[in-house]
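**Q** Mind folding the following:
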Amino acid sequence: MQTRGIHLQYSFESRGQRGPEVENPLFDLLNKLQEHGSIRHAATAMGASYRHVWGSLKHWEEVMGEPLVHWTQGQAARLTLFAQRLLAAERQARTRMTPHIEALRAELEHVLAQALDGGQLVLEIFASHDLGLPLLRELAQKQQLHVGLRFAGSVDALRALAQGRCTVAGFHVPHLPAGSPVFSSALKPLLKPGIHKLIGCSRRMQGLMLRASGASDRRLSLADLPGSGLRFVNRQSGSGTRLLMDHLLQAAGVDAAAITGYTARPEDSHLAVAAAIAAGQADVGPGIEAAAREFGLDFVPLVEEDYFLVCLKDALETPPVRALRAVLESAEWPAALQQLAGYGAPGAGQVLSLTKALPWWHFKTPKPHGGA
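**A** Predicted structure coming up:
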């Protein structure tokens, strides 16, 4: 059997690209055929000729060594089972690689920006995965601010800030006036009042994502998961969403070990969790509403949370951070977020103190009476 290698490449284009968008002629073709059901309509959608699309299809069948389309007289063209599996696997792999693709793209964009204009403002951000931040990066670029965006878990992003590997870090927390041992133990050592300053960024809805059932008011609580038989796909340790799940389960008195798959193979982004559920590898998982909508999943809201950016106090008035705050305060930022379900931007761009924005943090430990 002929060996089939995987070749990766990238190009410089005038148009932007974000998220798991990675162009490939084979999968572009299969997607159009699946969507339109005929070569003629797929060719029209692709802006290509019938002859070109037909030739491309035959070329890829020869390369893969398998038929890709079923043809039946009088019926729409259908992808073969092999082509369906190939398309689903590629989409999931591409989605899972999103944070790494974004990191590579950010590094290349940084190099290109410096080569074209050494005086352009540059800002490195390590941040917990979020669908709004690539939109923020696009808006910043229009204002001559290049944002090098790298996705990591909330804990890893804050560690990168502490180690000087970035100027700004992004993390997210729900409003927890009663406190949270889970969040406090994970994040408190990495945030120092008087040293760090918060910048309001966005607000988003977190919940449970499930394969679509057709029910308009589907309900499911965390307490329903143990013994339900539902397979859970979780986020990685150190991510803000994993901290949120641990906190909510602890608050509800639910044993995480009783949830099938809770500590099994985790995913590194909201989109990767959604892709795993859409592919049938799991039944339910945590994520933001926008990710659920992108993959056509049902969504059960659990809690609204604030997404914060944080920097050292000394960096607050530097030109790159001031430019970032200006973009966040502009009317374009909340307008851009309207395309994402469950997002808003109250207080975006405002500088906040840790003790006021996070009143549940309990920075000071009360001294015992009697001086003991």
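**Q** can you give me the helices for this protein?
**A** The residue ranges that make up the helices of the chain, judged by DSSP state H, are 25-36, 39-46, 50-64, 81-96, 98-116, 133-142, 154-162, 181-187, 240-252, 270-278, 289-294, 319-329, 332-337, 354-357.
**Q** Could you tell me the least trusted of those?
**A** Among these, helix 98-116 carries the lowest mean pLDDT, at a mean of 67.
**Q** Figure out which of the helices of the chain is closest to Leu198.
**A** helix 354-357 (5.1 Å; C-beta to C-beta). Quick note: C-beta positions are derived from backbone N, CA and C, even for glycine.
**Q** Against which helices or strands is the closest one packed?
**A** Counting by 3 or more C-beta pairs under 8 Å, 6 or more residues apart in numbering; DSSP states H and E, the packing neighbours recorded for helix 354-357 are strand 196-210.
**Q** What sits closest to Ala127 if chain neighbours are left out?
**A** Closest residue in space to Ala127, ignoring its immediate chain neighbours: Gly170 at 2.9 Å, by C-beta to C-beta, 6 or more residues apart in numbering.
**Q** how much space between that neighbour and Val284?
**A** With distances taken as C-beta to C-beta, to the nearest Å, Gly170 is found 26 Å from Val284.
**Q** higher neighbour count, those two?
**A** Neighbours were tallied for Gly170 and for Val284 using other C-beta atoms under 10 Å; the higher tally belongs to Gly170 (29 against 25).
**Q** contacting residues around that one?
**A** Gly170 makes contact with 125-128, 130, 133, 154, 157, 201, 307-310, according to C-beta atoms under 8 Å, 6 or more residues apart in numbering.
**Q** Top of the residues you listed by number of neighbours, please.
**A** Within these, Ala127 tops the neighbour count with 31 neighbours, counted by other C-beta under 10 Å.
**Q** if I pick that residue, what's in contact with it?
**A** Contacts of Ala127 (C-beta under 8 Å, 6+ apart): Leu133, Leu149, Arg150, Phe151, Ala152, Ala157, Val168, Ala169, Gly170, Phe171, Leu309.
**Q** Could you double-check that the fifth one lies in contact with Ala160?
**A** Yes. Using C-beta atoms under 8 Å, Ala152 is in contact with Ala160, at 6.6 Å.
**Q** residues shared between the contacts of those two?
**A** Both Ala152 and Ala160 are in contact with Phe126, where contact means C-beta under 8 Å, 6+ apart.
**Q** Between those two, point out the one with more neighbours.
**A** Here Ala152 and Ala160 are compared on neighbour count by other C-beta under 10 Å; more neighbours surround Ala152, at 25 against 20.
**Q** do you know how far the residue nearest to that one when sequence neighbours are not counted is from Gln339?
**A** Spatial nearest neighbour of Ala152, excluding adjacent residues (C-beta to C-beta, 6+ apart): Phe126 at 5.3 Å. When C-beta to C-beta is applied, the distance between Phe126 and Gln339 equals 24 Å.
**Q** which among the contacts of Gly170 gets closest to Ala89?
**A** Each of the contacts of Gly170 was scored against Ala89 by C-beta to C-beta, and Asp130 proved nearest at 25.6 Å.
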